[in-house]
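**Q** next input, structure requested:
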Amino acid sequence: MVDTVWPADSVEFCPHESASDIFVCGTYLLEHSTADVVHTASDDDKAHLEPDNIGNQRQVRRGKCLVFRVTESRAASQVQEINLPAVLDQKWCHTTSTASPVLGVADSEGNITLHEWHTGECQLKTFQNISCAPSDVLCLSLDWSTRRFPTNTLGSLVVSLSNGSLCVLKPDSTGEVSVVDKWHAHDYEPWIAAWNYWDTSVVYSGGDDLTMKGWDIRQSFSVTTIQSHPHTEHLIAVGSYDDSVYIFDARKPIVPLVRGDVGGGAWRVKWHPSPTRKEDLLVAGMHDGFKVVKVHGEDLAWGITKRFDDHKSLAYGVDWSFAPPDVDGQTLIASCSFYDHALHLWSG
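**A** Numbering: from 1, shown residues only. Take a look at the predicted model:
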(Lines give C-alpha, C1' and ligand atoms only; values in the text may rest on other atoms or scores of the structure.)
Protein backbone atom coordinates (compact mmCIF):
# COMPACT_ATOMS: atom_id res chain seq x y z
CA MET A 1 0.00 0.00 0.00
CA VAL A 2 1.15 3.51 -0.83
CA ASP A 3 -0.05 6.51 1.16
CA THR A 4 -0.67 9.29 -1.38
CA VAL A 5 -0.90 11.81 1.53
CA TRP A 6 -3.54 13.88 -0.25
CA PRO A 7 -6.89 12.40 -1.38
CA ALA A 8 -6.40 10.43 -4.61
CA ASP A 9 -8.96 10.32 -7.44
CA SER A 10 -7.40 8.99 -10.66
CA VAL A 11 -4.97 6.25 -11.74
CA GLU A 12 -3.76 5.70 -15.30
CA PHE A 13 -1.24 3.17 -16.64
CA CYS A 14 0.86 4.23 -19.60
CA PRO A 15 -0.19 2.24 -22.71
CA HIS A 16 3.08 2.79 -24.59
CA GLU A 17 5.12 -0.41 -24.99
CA SER A 18 8.30 1.36 -23.85
CA ALA A 19 6.69 2.56 -20.61
CA SER A 20 4.10 -0.04 -19.69
CA ASP A 21 5.58 -0.20 -16.18
CA ILE A 22 4.77 3.48 -15.58
CA PHE A 23 1.54 4.78 -14.10
CA VAL A 24 0.30 8.03 -12.59
CA CYS A 25 -1.96 8.85 -9.67
CA GLY A 26 -3.72 12.22 -9.31
CA THR A 27 -4.52 13.88 -6.00
CA TYR A 28 -6.93 16.61 -4.88
CA LEU A 29 -6.74 18.68 -1.70
CA LEU A 30 -9.38 21.30 -0.87
CA GLU A 31 -8.33 23.99 1.58
CA HIS A 32 -10.03 27.01 3.14
CA SER A 33 -7.08 29.34 3.35
CA THR A 34 -8.25 31.75 6.07
CA ALA A 35 -9.11 29.05 8.58
CA ASP A 36 -6.26 26.67 7.86
CA VAL A 37 -8.82 23.89 7.72
CA VAL A 38 -8.45 21.11 5.21
CA HIS A 39 -11.57 19.57 3.67
CA THR A 40 -11.47 16.47 1.54
CA ALA A 41 -13.96 14.96 -0.86
CA SER A 42 -14.82 12.42 1.84
CA ASP A 43 -16.31 15.21 3.95
CA ASP A 44 -18.93 15.81 1.30
CA ASP A 45 -19.11 14.15 -2.10
CA LYS A 46 -19.37 17.51 -3.84
CA ALA A 47 -17.62 19.81 -1.41
CA HIS A 48 -14.81 20.19 -3.90
CA LEU A 49 -17.21 21.79 -6.39
CA GLU A 50 -18.50 24.53 -4.08
CA PRO A 51 -17.87 28.17 -5.13
CA ASP A 52 -14.35 29.43 -4.57
CA ASN A 53 -15.48 31.93 -1.94
CA ILE A 54 -17.55 30.83 1.08
CA GLY A 55 -18.04 33.75 3.44
CA ASN A 56 -14.62 35.21 4.01
CA GLN A 57 -12.87 31.96 3.25
CA ARG A 58 -11.07 31.41 -0.01
CA GLN A 59 -11.06 27.84 -1.27
CA VAL A 60 -7.77 26.62 -2.65
CA ARG A 61 -7.62 23.41 -4.63
CA ARG A 62 -4.18 21.84 -4.75
CA GLY A 63 -3.09 18.68 -6.47
CA LYS A 64 -0.22 16.52 -7.57
CA CYS A 65 0.51 14.10 -10.35
CA LEU A 66 2.41 11.26 -8.71
CA VAL A 67 4.44 9.15 -11.14
CA PHE A 68 5.20 5.52 -10.24
CA ARG A 69 7.15 2.64 -11.71
CA VAL A 70 6.08 -0.95 -11.12
CA THR A 71 8.98 -2.98 -9.70
CA GLU A 72 9.77 -6.61 -10.47
CA SER A 73 8.00 -7.57 -7.25
CA ARG A 74 4.91 -5.66 -8.38
CA ALA A 75 5.36 -2.87 -5.89
CA ALA A 76 4.81 0.80 -6.70
CA SER A 77 7.98 2.89 -6.61
CA GLN A 78 7.46 6.65 -6.88
CA VAL A 79 9.79 8.30 -9.37
CA GLN A 80 8.35 11.81 -9.67
CA GLU A 81 5.92 14.31 -8.17
CA ILE A 82 4.44 17.21 -10.19
CA ASN A 83 2.70 20.05 -8.35
CA LEU A 84 -0.48 21.24 -10.04
CA PRO A 85 -3.89 22.64 -9.21
CA ALA A 86 -6.17 19.83 -7.98
CA VAL A 87 -6.18 16.93 -10.45
CA LEU A 88 -9.62 15.78 -11.62
CA ASP A 89 -8.65 13.35 -14.38
CA GLN A 90 -5.67 12.09 -16.38
CA LYS A 91 -5.34 10.21 -19.65
CA TRP A 92 -2.40 8.97 -21.74
CA CYS A 93 -2.58 9.57 -25.47
CA HIS A 94 -2.38 6.28 -27.39
CA THR A 95 0.44 6.69 -29.88
CA THR A 96 2.51 4.38 -32.06
CA SER A 97 5.80 2.93 -30.86
CA THR A 98 7.78 5.62 -32.69
CA ALA A 99 6.13 8.49 -30.78
CA SER A 100 6.79 9.49 -27.19
CA PRO A 101 4.16 8.82 -24.51
CA VAL A 102 2.13 11.92 -23.62
CA LEU A 103 -0.09 12.43 -20.57
CA GLY A 104 -2.98 14.90 -20.43
CA VAL A 105 -4.07 16.21 -17.02
CA ALA A 106 -7.36 17.99 -16.24
CA ASP A 107 -7.11 20.39 -13.31
CA SER A 108 -9.31 22.52 -11.06
CA GLU A 109 -8.36 25.85 -12.67
CA GLY A 110 -9.76 25.21 -16.14
CA ASN A 111 -6.53 23.87 -17.63
CA ILE A 112 -5.32 20.85 -19.53
CA THR A 113 -1.60 20.30 -19.14
CA LEU A 114 0.37 18.04 -21.47
CA HIS A 115 3.41 16.11 -20.25
CA GLU A 116 5.85 14.05 -22.33
CA TRP A 117 7.48 10.95 -20.85
CA HIS A 118 11.28 10.85 -21.17
CA THR A 119 12.39 7.27 -20.71
CA GLY A 120 16.08 7.97 -20.22
CA GLU A 121 15.46 10.51 -17.46
CA CYS A 122 12.51 8.56 -16.09
CA GLN A 123 10.29 11.61 -15.76
CA LEU A 124 7.46 13.59 -17.27
CA LYS A 125 8.20 17.03 -18.69
CA THR A 126 5.43 19.59 -19.15
CA PHE A 127 5.36 21.03 -22.66
CA GLN A 128 1.98 22.78 -22.93
CA ASN A 129 -0.72 24.32 -20.77
CA ILE A 130 -4.09 24.87 -22.47
CA SER A 131 -6.73 27.07 -20.86
CA CYS A 132 -10.20 25.65 -21.53
CA ALA A 133 -12.14 27.93 -19.16
CA PRO A 134 -11.73 30.67 -16.52
CA SER A 135 -9.81 29.66 -13.39
CA ASP A 136 -13.00 29.21 -11.32
CA VAL A 137 -14.22 26.47 -13.67
CA LEU A 138 -12.97 22.90 -13.16
CA CYS A 139 -11.94 20.55 -15.94
CA LEU A 140 -13.78 17.44 -14.76
CA SER A 141 -12.67 14.83 -17.30
CA LEU A 142 -10.76 14.35 -20.53
CA ASP A 143 -10.34 11.68 -23.18
CA TRP A 144 -8.06 11.21 -26.20
CA SER A 145 -9.46 10.16 -29.58
CA THR A 146 -6.69 7.70 -30.50
CA ARG A 147 -7.48 4.70 -28.26
CA ARG A 148 -8.60 2.46 -31.12
CA PHE A 149 -6.28 3.84 -33.81
CA PRO A 150 -2.97 5.11 -32.32
CA THR A 151 -1.11 7.76 -34.33
CA ASN A 152 2.40 9.19 -34.60
CA THR A 153 1.07 12.58 -33.51
CA LEU A 154 -1.21 13.81 -30.76
CA GLY A 155 -4.89 12.98 -31.07
CA SER A 156 -7.85 15.19 -30.28
CA LEU A 157 -9.16 15.75 -26.76
CA VAL A 158 -12.67 16.12 -25.41
CA VAL A 159 -12.97 17.84 -22.01
CA SER A 160 -15.97 18.29 -19.71
CA LEU A 161 -16.22 21.43 -17.56
CA SER A 162 -17.97 22.11 -14.25
CA ASN A 163 -20.06 24.90 -15.83
CA GLY A 164 -21.87 22.30 -17.95
CA SER A 165 -19.85 22.79 -21.12
CA LEU A 166 -17.82 20.45 -23.30
CA CYS A 167 -14.86 21.48 -25.42
CA VAL A 168 -12.83 19.80 -28.14
CA LEU A 169 -9.09 20.40 -28.48
CA LYS A 170 -7.02 19.55 -31.54
CA PRO A 171 -3.36 19.88 -32.53
CA ASP A 172 -2.39 22.13 -35.43
CA SER A 173 0.25 21.36 -38.05
CA THR A 174 3.01 22.29 -35.58
CA GLY A 175 1.64 20.04 -32.83
CA GLU A 176 0.31 22.94 -30.74
CA VAL A 177 -2.99 21.91 -29.11
CA SER A 178 -5.83 24.43 -28.77
CA VAL A 179 -9.57 24.60 -28.14
CA VAL A 180 -11.41 24.44 -31.47
CA ASP A 181 -14.99 24.06 -30.26
CA LYS A 182 -16.99 24.58 -27.07
CA TRP A 183 -20.69 24.30 -26.29
CA HIS A 184 -23.09 24.13 -23.35
CA ALA A 185 -24.02 20.48 -22.95
CA HIS A 186 -25.57 19.89 -19.51
CA ASP A 187 -27.50 21.85 -16.89
CA TYR A 188 -25.37 20.36 -14.10
CA GLU A 189 -21.81 19.04 -13.84
CA PRO A 190 -20.92 16.69 -16.72
CA TRP A 191 -18.66 14.33 -14.81
CA ILE A 192 -17.51 12.48 -17.91
CA ALA A 193 -16.86 13.06 -21.60
CA ALA A 194 -15.56 10.33 -23.89
CA TRP A 195 -14.92 9.64 -27.56
CA ASN A 196 -16.53 6.93 -29.62
CA TYR A 197 -13.20 5.25 -30.43
CA TRP A 198 -14.67 3.64 -33.55
CA ASP A 199 -16.06 6.89 -34.94
CA THR A 200 -14.17 9.92 -33.71
CA SER A 201 -16.71 12.36 -35.08
CA VAL A 202 -18.82 11.36 -32.06
CA VAL A 203 -18.36 12.14 -28.36
CA TYR A 204 -20.49 11.15 -25.37
CA SER A 205 -21.12 12.97 -22.12
CA GLY A 206 -23.06 12.44 -18.91
CA GLY A 207 -23.58 14.11 -15.58
CA ASP A 208 -25.74 15.25 -12.70
CA ASP A 209 -28.66 16.26 -14.92
CA LEU A 210 -29.45 12.53 -15.21
CA THR A 211 -28.71 12.45 -18.92
CA MET A 212 -26.25 10.75 -21.22
CA LYS A 213 -25.82 12.57 -24.52
CA GLY A 214 -24.12 11.89 -27.82
CA TRP A 215 -22.70 14.64 -30.00
CA ASP A 216 -21.65 14.61 -33.65
CA ILE A 217 -18.89 17.21 -33.48
CA ARG A 218 -18.94 17.68 -37.25
CA GLN A 219 -22.34 19.35 -36.96
CA SER A 220 -21.51 22.82 -35.73
CA PHE A 221 -24.45 24.37 -37.58
CA SER A 222 -27.93 25.50 -36.59
CA VAL A 223 -30.81 23.08 -37.11
CA THR A 224 -33.58 24.84 -39.02
CA THR A 225 -36.17 22.14 -39.68
CA ILE A 226 -37.10 18.61 -38.58
CA GLN A 227 -39.79 16.24 -39.78
CA SER A 228 -40.45 12.65 -38.78
CA HIS A 229 -41.42 10.36 -41.66
CA PRO A 230 -45.19 9.68 -41.62
CA HIS A 231 -44.89 6.33 -43.40
CA THR A 232 -41.47 4.90 -42.47
CA GLU A 233 -40.89 4.45 -38.76
CA HIS A 234 -37.68 5.81 -37.23
CA LEU A 235 -36.69 8.03 -40.19
CA ILE A 236 -36.23 11.74 -39.51
CA ALA A 237 -35.27 14.47 -41.98
CA VAL A 238 -33.23 17.35 -40.53
CA GLY A 239 -32.30 20.54 -42.37
CA SER A 240 -29.64 23.10 -41.56
CA TYR A 241 -27.97 26.32 -42.66
CA ASP A 242 -25.02 24.35 -44.03
CA ASP A 243 -26.87 23.63 -47.31
CA SER A 244 -27.62 20.08 -46.21
CA VAL A 245 -30.47 17.78 -45.29
CA TYR A 246 -29.61 14.85 -43.04
CA ILE A 247 -31.63 11.65 -42.75
CA PHE A 248 -31.39 10.04 -39.31
CA ASP A 249 -32.56 6.76 -37.83
CA ALA A 250 -34.17 7.79 -34.52
CA ARG A 251 -32.83 4.61 -32.91
CA LYS A 252 -29.26 5.69 -33.72
CA PRO A 253 -29.43 9.48 -33.83
CA ILE A 254 -25.73 10.20 -33.40
CA VAL A 255 -24.63 9.76 -37.03
CA PRO A 256 -26.87 10.48 -40.06
CA LEU A 257 -27.70 7.70 -42.49
CA VAL A 258 -27.19 10.07 -45.39
CA ARG A 259 -26.38 13.73 -46.04
CA GLY A 260 -27.73 15.48 -49.11
CA ASP A 261 -26.62 18.82 -50.49
CA VAL A 262 -29.65 20.99 -51.30
CA GLY A 263 -27.90 24.36 -51.64
CA GLY A 264 -28.72 27.60 -49.90
CA GLY A 265 -29.66 26.24 -46.50
CA ALA A 266 -32.70 24.02 -45.83
CA TRP A 267 -35.47 26.02 -44.13
CA ARG A 268 -38.27 23.45 -44.42
CA VAL A 269 -38.48 19.74 -45.29
CA LYS A 270 -41.77 17.90 -45.97
CA TRP A 271 -42.20 14.19 -46.66
CA HIS A 272 -44.81 13.37 -49.32
CA PRO A 273 -48.20 12.70 -47.69
CA SER A 274 -48.91 9.60 -49.80
CA PRO A 275 -47.36 6.22 -48.86
CA THR A 276 -46.98 5.47 -52.59
CA ARG A 277 -44.44 8.33 -52.77
CA LYS A 278 -42.86 7.89 -49.38
CA GLU A 279 -39.38 8.32 -50.89
CA ASP A 280 -40.08 11.91 -51.97
CA LEU A 281 -39.02 14.87 -49.84
CA LEU A 282 -39.88 18.51 -50.52
CA VAL A 283 -37.20 21.03 -49.57
CA ALA A 284 -37.25 24.84 -49.25
CA GLY A 285 -33.65 25.75 -50.02
CA MET A 286 -33.61 29.40 -48.87
CA HIS A 287 -31.04 30.90 -51.29
CA ASP A 288 -31.35 28.10 -53.88
CA GLY A 289 -35.07 27.66 -54.51
CA PHE A 290 -37.38 24.70 -53.98
CA LYS A 291 -36.64 21.07 -54.79
CA VAL A 292 -38.21 17.64 -54.82
CA VAL A 293 -35.68 15.08 -53.64
CA LYS A 294 -35.92 11.29 -53.86
CA VAL A 295 -34.38 9.32 -51.00
CA HIS A 296 -34.59 5.68 -52.01
CA GLY A 297 -33.16 2.20 -51.67
CA GLU A 298 -31.53 0.45 -48.74
CA ASP A 299 -28.59 2.86 -48.88
CA LEU A 300 -30.96 5.86 -49.09
CA ALA A 301 -29.54 7.11 -52.38
CA TRP A 302 -30.11 10.86 -52.76
CA GLY A 303 -31.17 12.63 -55.94
CA ILE A 304 -32.93 15.88 -56.91
CA THR A 305 -35.81 15.05 -59.26
CA LYS A 306 -37.32 18.53 -59.74
CA ARG A 307 -36.49 22.19 -59.10
CA PHE A 308 -38.70 25.27 -58.92
CA ASP A 309 -36.75 28.52 -59.28
CA ASP A 310 -39.40 31.12 -60.07
CA HIS A 311 -39.07 32.77 -56.66
CA LYS A 312 -36.74 35.76 -56.50
CA SER A 313 -36.14 35.80 -52.74
CA LEU A 314 -35.62 33.52 -49.76
CA ALA A 315 -37.38 30.20 -50.26
CA TYR A 316 -39.14 29.65 -46.93
CA GLY A 317 -42.59 28.03 -46.95
CA VAL A 318 -43.51 24.91 -48.92
CA ASP A 319 -46.04 22.08 -48.68
CA TRP A 320 -47.63 19.22 -50.58
CA SER A 321 -51.36 19.14 -51.27
CA PHE A 322 -53.26 16.20 -49.78
CA ALA A 323 -55.59 16.13 -52.80
CA PRO A 324 -55.32 13.25 -55.31
CA PRO A 325 -52.55 13.61 -57.94
CA ASP A 326 -53.23 15.01 -61.40
CA VAL A 327 -53.41 12.92 -64.59
CA ASP A 328 -49.61 12.87 -64.79
CA GLY A 329 -49.32 11.56 -61.24
CA GLN A 330 -48.00 14.91 -60.01
CA THR A 331 -48.97 16.47 -56.68
CA LEU A 332 -49.91 20.11 -56.27
CA ILE A 333 -47.30 22.13 -54.32
CA ALA A 334 -47.56 25.59 -52.73
CA SER A 335 -44.41 27.62 -52.09
CA CYS A 336 -43.76 31.12 -50.80
CA SER A 337 -40.78 33.44 -50.52
CA PHE A 338 -39.93 36.26 -48.15
CA TYR A 339 -38.75 39.64 -49.46
CA ASP A 340 -40.58 39.42 -52.80
CA HIS A 341 -43.75 38.34 -50.90
CA ALA A 342 -44.58 35.80 -53.60
CA LEU A 343 -46.76 32.67 -53.50
CA HIS A 344 -46.68 30.08 -56.29
CA LEU A 345 -48.56 26.89 -57.10
CA TRP A 346 -46.76 24.20 -59.09
CA SER A 347 -46.63 20.44 -59.35
CA GLY A 348 -44.03 17.85 -58.52
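
**Q** can I see the domain layout of this structure?
**A** If you go by automatic domain parsing, the domain ranges for the chain are 8-216, 223-347.

**Q** tell me the SS of Ser313?
**A** coil (DSSP: H, G, I helix; E, B strand; the rest coil).

**Q** gap between it and Asn129?
**A** To Asn129, Ser313 is 50 Å away according to Cβ to Cβ, to the nearest Å. Where C-beta positions appear, they are placed from N, C-alpha and C, glycine not excepted.

**Q** so what sits opposite Ser228 in the bridge?
**A** Bridge pairing for Ser228 (DSSP bridges) gives the partners Ile236.

**Q** which ones are touching it?
**A** Ser228 sits next to 235-236, 250 when contact means Cβ atoms under 8 Å, 6 or more residues apart in numbering.

**Q** quick one: which of those is nearest to Cys14?
**A** Nearest to Cys14 among these, counting by Cβ to Cβ, is Ala250 at 40.9 Å.

**Q** pretty sure the closest one contacts Thr232?
**A** No. Contact criterion Cβ atoms under 8 Å: Ala250 and Thr232 do not qualify, at 10.7 Å.

**Q** now the contacts of Ser228: which count as buried?
**A** The neighbour-count test (16 or more other Cβ atoms under 10 Å) marks 235-236 as buried among those.

**Q** got the contacts of Ser228 as CSV, with distance to Phe149 and pLDDT columns?
**A** Below are those laid out as CSV (distance: Cβ to Cβ, whole Å; pLDDT from 0 to 100):
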residue, distance to Phe149, pLDDT
Leu235, 31, 92
Ile236, 30, 94
Ala250, 29, 88
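
**Q** quick one: the domains of the chain as CSV, columns for distance to Val2 too.
**A** Listed next are the domains of the chain as CSV, based on distance: least, Cβ to Cβ, whole Å:
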stretch, distance to Val2
domain 8-216, 5
domain 223-347, 41
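
**Q** so for Met1, which of those domains sits nearest?
**A** domain 8-216 (9.0 Å).

**Q** can you measure across the closest one, start residue to end residue?
**A** Using Cα to Cα, to the nearest Å, one end of domain 8-216 lies 33 Å from the other.

**Q** try stretch 138-151
**A** 29 Å.

**Q** can you list the buried residues in that stretch?
**A** For stretch 138-151, the neighbour count (16+ other Cβ under 10 Å) marks 138-147, 150 as buried.

**Q** cool, stretch 235-242 as well?
**A** By 16+ other Cβ under 10 Å, the buried positions in stretch 235-242 come out as 235-240, 242.

**Q** can you pull out the strands in the stretch 151-300 of the chain?
**A** Secondary structure of the stretch 151-300 of the chain by DSSP state E, counting those that start in this stretch: the strands cover 157-161, 165-171, 177-184, 192-195, 202-206, 212-216, 223-228, 235-240, 244-249, 258-261, 268-271, 280-284, 290-296.

**Q** dump those to a markdown table, plus distance to Leu88.
**A** Compiled in a markdown table, these are given as follows (distance: least, Cβ to Cβ, whole Å):
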| stretch | distance to Leu88 |
| --- | --- |
| strand 157-161 | 9 |
| strand 165-171 | 14 |
| strand 177-184 | 17 |
| strand 192-195 | 11 |
| strand 202-206 | 15 |
| strand 212-216 | 19 |
| strand 223-228 | 32 |
| strand 235-240 | 34 |
| strand 244-249 | 34 |
| strand 258-261 | 36 |
| strand 268-271 | 42 |
| strand 280-284 | 45 |
| strand 290-296 | 45 |
